[in-house]
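A.B. asks: Quick one: sequence and predicted model below, then my questions.
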Amino acid sequence: MQTAAPLAEKASQSTLSSSLPLLRHTSPLATIPQLRVPLALTMLCGLLCTVLLLLQMSLLSTIVARVFLQRATISQVGSLLLLLLAASIAHALCTWAREVTAQRGARCAKAALRQRLFIHLLLLGPVYTRNERTGELTATASEGIERLDAYLSRYLPQLALSVLVPLLLLAVVFPLDWVSALLLLLTAPLIPLLMMLVGRCAEAQTQRQWGMLSRMSAHFLDVVQGLTTLKLFGRSRTEQERVARISDAFRVQTMKTLRLAFLSGAVLELLASMAIGLIAVTLGVRLLNREIGFQAAFLILLLTPEFYRPLRDLGTYRHAGLEGKASAQRINEILNTPPLAQDVPAPTRQPTGMFEIEFHNVEYTYPGNEQPTLRGVKLTLPAHSCTALVGRSGAGKSTLVHLLLRQMDCTSGSITANGIPLHELPLEQWRAYVALVPQRPYLFFDTVYENIRLARPEAHSEDILQAAKLAGALGFIEHLPQGFATLVGEQGTRLSAGQAQRIALARAFLKDAPLLALDEPTPSLDPESEAAIREALISLRQQRTVLIIAHRLNTIASASQVVVLEEGRIAGTGSPHRGIHPPQEAQPWPYSQHTTEVPS
């Protein structure tokens, strides 16, 4: 995440362009710089292949005319045969170069697009991704981008060649026989016209197929992640049947799409064959009537299939391109989503020393909502203090923390650190000042050592050992099968909830940030684990500004300040020892002295 902002800035400077005509209406896939040179080379190789093909056909027609009409011997046409061989070898090499440049260009473009998509998802942050299905985003970033391969490597070059190659062949045929050139010109538009008519139906089917694939991927990942729960409640058989039904529906939709693609391909081939047959019959009749010479007629007959080939290939590649278009619309939808927090360049000033955080009439309204989640929040988090934030579910506690972490920006008002507005600081610089310990920390499928080192990759082993000791995690880590080298499993499944929480605290110790945000770190833990974590928190709060979302009164008791949120407003502030003082318009302190749990 520390490199996301500069990478995003580079990606935004290299926006994808009008070189993607099929995707232009859904851009910002506007231009892919990595595709420009390979695309130009691919089209150049395609035109060179056509020139070499013209040379081959011209040599072949000349050789056939001399051998069969003029009774030439092998020695008399030997030089022409060598030229034909050389042209054939050059044509093969040029075709190979065209394929190589197309594939390399597509590979580089996909890599650049996948990186840009991933960076943009990082910038959108957890506020965006928590409303999306992980399986669907994974399918878009993997299979969705792979589906652009045929579009980038086949369809785009063929789109230009399907115009340039027929025009080049027409320029050669017209001086030889204007009648044949006129027939080619009249029959050629039939193929693109049919391709457009069939393409509308094919596009709708492809959209449905991609939608079903995305939903199937999302559902399957949900099932895999919830496998333990399904087993415990005896629902594995039911879910197995449901997955089978979804897979079968996707199979049926895929077969419908393929059926339409094959049908349209057959119709295109039939039209091209009929057009070639018409020209061949016309040439034969005119040849018998001595209206055209043999060599010219034979050359035109050889060039006619090559005239229609680019148009047929365009129809074939268009169906592959439609698959890419369906996934590209979802990719563009993500890329079109603006980050909730806007980054800024290097600041002219930056906070120093311990932080005093102030909220000045902060309001926030989520996109699509009419009512603000936070309204007129005025709050100060003094330096060297611990502020407990309490309130019922939906009161705006998590929103306030998201704003503090700059995962999104205030709709109105501002948040300052030592008098400097947060929106004037670069995202990465500000987040380097903050350590977060969530209620359910995420552990990656890696070792205990690497999960702790994630907070500060350049940290030494001694620092990681000390962080684990301060967090009260060293004892259980040493009893793990391989100690710090033990794999924790997906999302830390090999550790208990208390152990995972202490790993997260060790991360916070290792980061040593001046601002610490915690979401009640001791829920549903055994007393021993809770006591160990509470002792670690007492050490962690020293020399820091701390904000903690509290759900228990024993957490509030150790705070220096308590803030009550009610329906997005500050309902009261005070201390656990001197009482809460609500504003005149706020509701009174809603918690009795005998309560052991704060309602949430």
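C.D. replies: Sure, I can see it.

A.B. asks: Which pLDDT value goes with residue 91?
C.D. replies: pLDDT for residue 91: 91.

A.B. asks: What's the local residue count around it?
C.D. replies: Other residues within reach of residue 91, judged by other C-beta atoms under 10 Å, total 18. Quick note: C-beta positions are derived from backbone N, CA and C, even for glycine.

A.B. asks: What of residue 158?
C.D. replies: Residue 158: 24 neighbours (other C-beta under 10 Å).

A.B. asks: in what helix or strand does it lie?
C.D. replies: helix 156-176 (DSSP states H and E).

A.B. asks: For that helix, name the packing helices and strands.
C.D. replies: Judged by 3 or more C-beta pairs under 8 Å, 6 or more residues apart in numbering; DSSP states H and E, the packing partners of helix 156-176 are helix 33-68, helix 178-187, helix 294-336.

A.B. asks: how about the helices of the stretch 301-450 of the chain, start to end?
C.D. replies: For the stretch 301-450 of the chain, applying DSSP state H, counting those that start in this stretch gives helices covering 397-404, 427-432, 448-453.

A.B. asks: Which among these is found nearest to residue 290?
C.D. replies: helix 427-432 (80.8 Å; C-beta to C-beta).

A.B. asks: Point out the most buried one among the helices and strands packed on helix 156-176.
C.D. replies: Per residue and on average, the most neighbours among the helices and strands packed on helix 156-176 fall to helix 294-336, with a mean of 21 (mean count of other C-beta atoms under 10 Å).

A.B. asks: now that helix and helix 178-187, what's the angle there?
C.D. replies: 20 degrees (axes from the mean of the first three to the mean of the last three C-alpha atoms, to 10 degrees).

A.B. asks: and helix 294-336 with helix 33-68, angle?
C.D. replies: 170 degrees.

A.B. asks: what pLDDT, on average, does helix 294-336 get?
C.D. replies: Helix 294-336 carries an average pLDDT of 81.

A.B. asks: other SSEs contacting that helix?
C.D. replies: Looks like helix 294-336 contacts helix 33-68, helix 74-129, helix 148-150, helix 156-176, helix 178-187, helix 190-225, helix 236-288 (3+ C-beta pairs under 8 Å, 6+ apart).

A.B. asks: Could you dump the ones you listed into JSON lines and include distance to residue 398?
C.D. replies: Shown next, in JSON lines, are the helices and strands packed on helix 294-336 (distance: least, C-beta to C-beta, whole Å):
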{"stretch": "helix 33-68", "distance to residue 398": "39"}
{"stretch": "helix 74-129", "distance to residue 398": "9"}
{"stretch": "helix 148-150", "distance to residue 398": "36"}
{"stretch": "helix 156-176", "distance to residue 398": "45"}
{"stretch": "helix 178-187", "distance to residue 398": "66"}
{"stretch": "helix 190-225", "distance to residue 398": "22"}
{"stretch": "helix 236-288", "distance to residue 398": "31"}
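
A.B. asks: For these, which has the smallest mean pLDDT value?
C.D. replies: Across the helices and strands packed on helix 294-336, helix 190-225 gives the lowest mean pLDDT, at a mean of 75.

A.B. asks: Let me know the next secondary structure element after that helix.
C.D. replies: According to DSSP H and E, the helix or strand after helix 190-225 is helix 227-232.

A.B. asks: So which bits of that next one are buried?
C.D. replies: Going by neighbour count (16 or more other C-beta atoms under 10 Å), the buried part of helix 227-232 is residue 230.

A.B. asks: which residues are contacting that helix?
C.D. replies: Residues outside helix 227-232 that contact it (C-beta atoms under 8 Å, 6 or more residues apart in numbering) are 223, 236, 239.

A.B. asks: The residue with the largest distance to the centre of the chain: what secondary structure?
C.D. replies: Centroid-distance maximum for the chain: residue 71 at 66.2 Å, with C-alpha atoms, centre = their mean. Three-state call for residue 71 (DSSP: H, G, I helix; E, B strand; the rest coil): coil.

A.B. asks: Next, the contact list for it, please.
C.D. replies: Counting by C-beta under 8 Å, 6+ apart, residue 71 has no contacts.

A.B. asks: for the helices of the stretch 301-450 of the chain, which one sits closest to residue 332?
C.D. replies: helix 427-432 (23.5 Å).

A.B. asks: The closest one - contacts with which helices or strands?
C.D. replies: Looks like helix 427-432 contacts helix 4-13 (3+ C-beta pairs under 8 Å, 6+ apart).
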